[in-house]
Every structure is written in C-alpha cells, then in structure tokens.
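1. Predicted coordinates and the sequence they were generated for:
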Amino acid sequence: MDSTSRITDLESAVNECSYTTLPDHHTLSEDSSSVNGFKPLKSFAYTFSIVLFICSTVLVLVGDHQRSEILSSILPPTSKITPSVVVSSRGVSEGVSEKSNANNLFAASNPFPWTNNMLSWQRTSYHFQPQRNWMNDPNGPLYYKGWYHFFYQYNPEGAVWGNIVWGHAVSKDLIHWQYLPIAMVPDKWYDSNGVWTGSATILPDGSLVMLYTGSTNESVQVQNVAYPADPNDPLLVEWVKYEHNPVLLPPPGIGSKDFRDPTTAWRTPNGNWKITIGSRLNTTLGMSLVYETPDFINYKLKEGLLHAVPGTGMWECVDLYPVSTVDENGLDTSVNGPHVKHVLKASLDDDKKDYYALGVYDEAKDVWTPDNPEIDVGIGLKYDYGHFYASKTFYDQHKERRILWGWIGETDSERADIEKGWSSVQAVPREVTFDKKTKTNLIQWPVEEVEDLRLSSKKFEDVKVETGSVVHLDVDTATQVDITAEFEIDEKALEGVMEADVGYNCTTSGGAAGRGALGPFGLLVLADGSRTEQTAIYFYIAKGVDGNLNTFFCTDESRSSKASDVNKQIYGSTVPVLKGEKLSVRLLVDHSIVEAFAQGGRTCITSRVYPTEAIYGASRVFLFNNATGVSVTAKKVKIWEMNSAFLHPYHFSAASVSHVTSLYVLAVILFSGLIIMFIF
C-alpha cells in the first residue's frame, strides 16, 4: 500500500468517526466555581483519549512491515508472557524438522525451578537468534548488493514450532545482524500450512529467484517460486510469489509429505538450470531427485536419481556443491571439471543429523558417486557430531568462499523455552574447504569476521597437566570466549603403551570421567569453581590391534547442568591427526552454546548446555587430564573475551521514518481540528 492510499484510508476513518453530546445533567454552568479548573481537564481527557485512539488506528493502517518495526521497538527482547504449556512433540505429522526432545514429557511432571536470572543468562551474545520466539532451518542465504541476507524458519507467535514464516535479517559481516520485517507469510493455498525451507539462486544478470517448499491447505508439500518485489532494493524487504504457484508437485510414487527443500540451482552447459530435492521411497530409501528448468517455472524430472542410500530414511535439506581440491577459495555452485569434488549432504529426519560425503558429479547423467561407498551419505561423515541440523551452504561471491549455516535447536524442555520466550540459535557461519592434507574430509572453520569480536586475551604456555589433575586457568570472564589450545604428548609415552584399546567410543565409554592410558584430556568450560557443573571437550587416544593410534575428539555434557529437564549427551568421533601435528582445538563459548573444532576443523561438535550455577561471573575454564599413563603439556592456550554482536532491528532511512511519522502528524492534526470544533 503506498503513502497516498494510506493517507486516504486515514482520512476516511476520520470522516466516519461520530461523537455523542453529553446529556444535560453532565453539563456544568458557566458560573460554576469549578468551571475554570474543569474545562482544561475535560479538554485534556478528550485529547488524551483521542491520541490513544489515533495510535491504535495508525498501527492498523501503516501496514504489517512498519507495524512490526514499531512493535519491535516497544516490546522487550524476550517476553515473559507465558502461554499455556504444551509438551507434545511438534512437526512429525507435518513432515518437517522439529524439536524432538525426549525430556519434554518428563519435564512436564518434574520441571526444574528455573529462575529469570538463569534463563536470561542462556541468551547468546554473538550467535544469531531472533529477538524472541521459535526459529529453525536456515533459508536462502546469499550476498546481494553489499548485504549478507539470512532468512530462517520462524514462528512469530510463540517459542514452539508452528505458524512458520520466513524471518529475515541482514549484515555487512555475517556477525552483526539487523532484523528486517518478515519476508514471506503463509497467505496462499499452496503454503497455508507453512512457508518452509528454500534456497536462493543468483542468475548471470544479477537477478534473484527463490525456490521454497510450501505446505498446502491439505498438507501436501509443493515447490514454489518467489521474487524480490524491487530487485534494486539491496535489503530485499518485499517479496512477490509467482502467480501460478506451485511449480512442482510430488511426482508419482512419492508421498505427499516426502518432497521438500529445493537446493540452490546450478547451470548446465546448455544454459538450463538444475535443482535437487530431498525425498524417500518406502520410508527407508533416502534419495535425491533432480529437475531441469529453463526458466524456474517449467520443470522436467530427470530419469533416475542423483543418489540414494538404503536404510537412511527421509532426506531433507539436501545440498550439492563443488569444492576445489587445489585452491583455497570456494566455488560457485555451477562449477565442475578437473580439480573439483562435489559434496552431497543430507539431513536425516530419522536421527536429526547432517551427513555428507565427497564424490564426483556426472552432469551428463545427473548422477553423483561417492569416493568411498563405506562412508556414503547417511552412514559416514557428519558435518557436526553434536547438536547441529538442517544446514545450508551458499557461495559468497564477495569473498569467494563457501559458507555453511546450521540450526542449533534446544535440548531443554519446551516449558523452559516458553518461560524464556525463545528457542534455538544458529551456529556461527563456517567457511567450508576441502582438506588437502587428508583428501578424505572437509574443513569447517568459523568465518574470519568473528575474530573482530575478540577483546582482551590471556595466554598460557607450557602448562604441565599431570595424570589425574585439573588446572584452573585464571581469566576474568568465561561466559563468552574464544579459546585456542595445542596439546603435546611425549612420543616415548605413546610408544610405550602396550595394550590395545579397540573398544573406545565417545558416546559409550564413560565420558570425561572414564580413564585410559592416553586419555581423556582437554578443557572444561562453563564450569563453576567446584566443578559441580562443567562441560568437557577432550581428546582420547586409543591404540589399535595393528599398533596404530586412533584419536577421538569428544564433548561430555553429562555434568553440564544440575537441571533435571535438560538432555545431556556425550558426543564425538575420530579425528584425523597426521604425523608431526600437535593436537589442537578451538572453542567458541557463548553462554548456552559451545562450538568445538578439532585439528583445524576436521571434526566439529556443537553442544547446547544450561548451567544453573556456572553462569555470569561464576563461570570458569580448566585444563584436565584423566589419562592414567601419560602427562600432557598444553603448549599454547589463548583465551579471548568476546564482545557481543548487538543484534537489533534495522533502522530504516529518514524517508521511511518520516513517512510513518507523517501519518501520525496528519492524524493528530485532523483529530485535533475536530476536537477544537467540538469544544468551541
């Protein structure tokens, strides 16, 4: 609605207003002793009432986008208005990513007495999250006309899954985000049950097209097209849905709820475009379909499948992209040829994990083949061995890099989410490259811009950590920090271990409290002084029957919180360590989230933790060594205090502000005129 139309509507509203004269018995005579004091009060009361009415009217008339901006400036970041608590799982019947928390039902009968102090502390300082309410999958990330754009699944009405729209934020550096008005809402029959996950494609002429999954009024998953209303708007505030949506329906043989999450398109040699969409067959065969289109409106389903893996179940949030095997820079999604590997990734709905594999994409046959079938998609490597899901990459043409986003859901109870007024965060964006040393995996590393948040630091060198000991590292604050550490073990001690340790597994071998000859050892973060609460990130070295050493990288949440309604896991996997390399780790600690990167990002683990005592100034950092047969030296440990990213609503230009203000001024003038006429 343009400004002229809004002003016309406002004038019409004014003309339709009617006023009733007070009955005679309420009228004061002019010679009353109270007349001089009452008339100004009466005028003030009328004026005050009218101004309140004006504010309500203008909020209705200015439109959804400006109204949301006004309300955002009024409401606090997290609302303590708590709706009735519903603890049932959401999203399964709809066929989408959801919060699946086994503790929900238990928490309903045995809730932990969370305080406002505890819940307020959980909000992160430099990870992306909305001002309030529920968030899940990242959608359509891109760089456009000087801005990074991030869209996300969002419930504007509460801290639980439902009412899904596309939230929207922009940034100049992928760290300092500014909230924009909601980008798309479920207002058509083809997306009335949710505007779900999608991807952006930038065309050669710089124009932009967005493909997304809609859940229809009959809960059928269909694919739709949307465009920027104004391609010249660098903020992409307004979006227009294609008038003949949907452009794709589930093909024969595919379930109506098993067809979702279109990828970024890649260009073919003949000038057409191709996308892949996740699906499954007979509930267990996870697979990816390929479509070709000349114009993003008309599509042809290609014969065969891009790839399928038996026993992996529904594939959602599929991603296919190239990585260079020789260069450090990322590649546009359409690149193929020599010195290129293609990464195929799928989010498995059955276990809520993101699996990837390296392979070769044959663009003539539209078939992707894994380099190693034994670590195929869904049965091998994971982006992250902790709590990380529904991820999506995009090519950042501004800095020639491939950027990965990932959704970090909650592992507390829904009751707690509702009490604090929000749920979920996004991982710090990661740059993804091919590991040229191992040639078997990817490297994931936090984008360089996060280092701009580093403030004061402390450095510790050559700290000897004897067997069975814990060493406190004296830092001023430890609730939002960036930690790098290198550990060294004496080579003779490694060679002297005689017994094989073939049964070790991070998740089943006792966590940080379990003891072996060569581990565990590492760091304790978000720990209180007496370590009644702690989150352990550690290495464990196990000797195989062949005499070779396998290094495990793990995170133990089992003592991370005293709360009874929190899911506490032990995560981890092996990490490749090449000859001559020290064991290295980087930790991004941000209140209720810990992201851990081992050996430069070969293995990553993300944890959600909810301390009740190790919060604010009580949070500490320790080194520990529970190995029985070897001392460990922390060669270098550096801990930076991290600044906050200060996420906030985008402040529109003076022209936009003056437009809204002018409506207020006009309304006040019109109503003031009526009041004056009425009084005199």
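-> Right, received. Where do you want to start?

2. burial of the closest residue in space to V609 that isn't next to it in sequence, as a residue count?
-> Once flanking residues are discounted, V609 sits nearest to S560: 3.9 Å by Cβ to Cβ, 6 or more residues apart in numbering. Quick note: C-beta positions are derived from backbone N, CA and C, even for glycine. For S560, the count of nearby residues is 28 (other Cβ atoms under 10 Å).

3. What's opposite the nearest residue to F128 once chain neighbours are set aside in the beta bridge?
-> Using Cβ to Cβ, 6+ apart and skipping the chain neighbours, the partner closest in space to F128 is Q426 (4.3 Å). Note on Q426: beta-bridge partners by DSSP bridges are W407.

4. for P370, what are its contacts?
-> Contacts for P370 (Cβ atoms under 8 Å, 6 or more residues apart in numbering) come out as 307, 344, 357-359, 376-377.

5. And K420, by the same measure?
-> K420 neighbours (Cβ under 8 Å, 6+ apart): 78, 114, 119-120, 122-123, 159.

6. count of neighbours near L249?
-> 15.

7. Looks like it contacts V220 (just checking).
-> Yes: the criterion here is Cβ atoms under 8 Å, and L249 meets it with V220 at 7.4 Å.

8. Show me which of the contacts of K420 is closest to K241.
-> Nearest to K241, judged by Cβ to Cβ, of the contacts of K420 is A159 at 27.5 Å.

9. quick one: that closest one and Q153, what's the gap?
-> Distance, A159 to Q153, by Cβ to Cβ, to the nearest Å: 14 Å.

10. try H127
-> Following Cβ to Cβ, the distance that separates H127 from Q153 is 16 Å.

11. Where does the prediction get shaky in this protein?
-> By pLDDT under 70, the low-scoring segments of the chain are 1-109, 653-680.

12. what's near enough to touch D556?
-> Applying Cβ under 8 Å, 6+ apart, the residues contacting D556 are 511-513, 535-538, 570.

13. Skipping adjacent residues, who's closest to P262 in space?
-> The nearest residue in space to P262 (Cβ to Cβ, 6+ apart) is L211, at 4.2 Å.

14. The stretch of helix or strand that neighbour belongs to packs against which elements?
-> Assigned by DSSP states H and E, L211 belongs to strand 208-215. Strand 208-215 is packed against strand 133-144, strand 195-202, strand 221-228, with contacts defined by 3 or more Cβ pairs under 8 Å, 6 or more residues apart in numbering; DSSP states H and E.

15. Among the ones you listed, which comes closest to K392?
-> Using Cβ to Cβ, the helices and strands packed on strand 208-215 put strand 133-144 closest to K392, at 4.9 Å.

16. Note down every partner strand of the helix or strand just after the closest one and its orientation.
-> Remark: after strand 133-144, the chain's next helix or strand is strand 147-155, criterion DSSP H and E. Taking DSSP bridges as the criterion, strand 147-155 sits next to strand 133-144 (antiparallel), strand 165-171 (antiparallel) in its sheet.

17. Let me know the angle separating the shortest one from strand 195-202.
-> Orientation of strand 165-171 against strand 195-202 (axes from the mean of the first three to the mean of the last three Cα atoms, to 10 degrees) gives an angle of 40 degrees.

18. Convert strand 165-171 to CSV, retaining C-alpha atoms only.
-> Extracted in CSV, the C-alpha atoms of strand 165-171 (Å, rounded to 0.1, in the frame of the first residue of the first chain):
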residue,chain,number,x,y,z
VAL,A,165,7.0,-17.9,8.2
TRP,A,166,10.3,-16.6,6.8
GLY,A,167,12.2,-14.4,9.2
HIS,A,168,14.8,-12.1,7.6
ALA,A,169,18.0,-10.3,8.7
VAL,A,170,20.9,-8.5,7.0
SER,A,171,24.5,-8.0,7.9
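
19. which other residues reach the helix or strand just after that strand?
-> Note on strand 165-171: by DSSP H and E, the next helix or strand toward the C-terminus is strand 177-184. Contact with strand 177-184 is made by 64-66, 68-69, 72, 128, 130-131, 150-151, 154, 156, 165-171, 191, 195, 212, 226, 235-237, 239, 241, 645, 647-651, as judged by Cβ under 8 Å, 6+ apart.

20. would you turn the contacts of P370 into TSV with neighbour count, distance to H387 and secondary structure?
-> Listed next are the contacts of P370 as TSV, based on neighbours: other Cβ atoms under 10 Å; distance: Cβ to Cβ, whole Å; DSSP: H, G, I helix; E, B strand; the rest coil:
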residue	neighbour count	distance to H387	secondary structure
H307	25	26	strand
L344	25	22	strand
A357	27	21	strand
L358	22	24	strand
G359	21	27	strand
D376	21	23	coil
V377	26	20	coil
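
21. that older thread, and the contacts of strand 177-184, which of them are buried?
-> When the contacts of strand 177-184 are checked for burial by 16 or more other Cβ atoms under 10 Å, the buried set is 65-66, 68-69, 72, 128, 130-131, 150-151, 154, 165-171, 191, 195, 212, 226, 235-237, 239, 241, 645, 647, 650.

22. Now for the residue positioned nearest the centre of the chain: which residues touch it?
-> Geometric centre of the chain, nearest residue: Q426, 2.5 Å, by Cα atoms, centre = their mean. Applying Cβ under 8 Å, 6+ apart to Q426 gives the contacts 127-129, 135, 138, 150, 152, 405-408.

23. farthest pair in the residues you listed?
-> F150 and I408, at 14.2 Å, using Cβ to Cβ across these.

24. What segments of the stretch 551-680 of the chain are strands?
-> Assigned by DSSP state E, counting those that start in this stretch, the stretch 551-680 of the chain shows strands spanning 570-574, 583-590, 593-598, 603-608, 620-625, 632-642, 648-649.

25. any chance of the ones you listed in TSV, with distance to D412 too?
-> As requested, the strands of the stretch 551-680 of the chain are exported to TSV (distance: least, Cβ to Cβ, whole Å):
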stretch	distance to D412
strand 570-574	17
strand 583-590	16
strand 593-598	12
strand 603-608	8
strand 620-625	22
strand 632-642	23
strand 648-649	26
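
26. Please consider this matter closed, and thank you.
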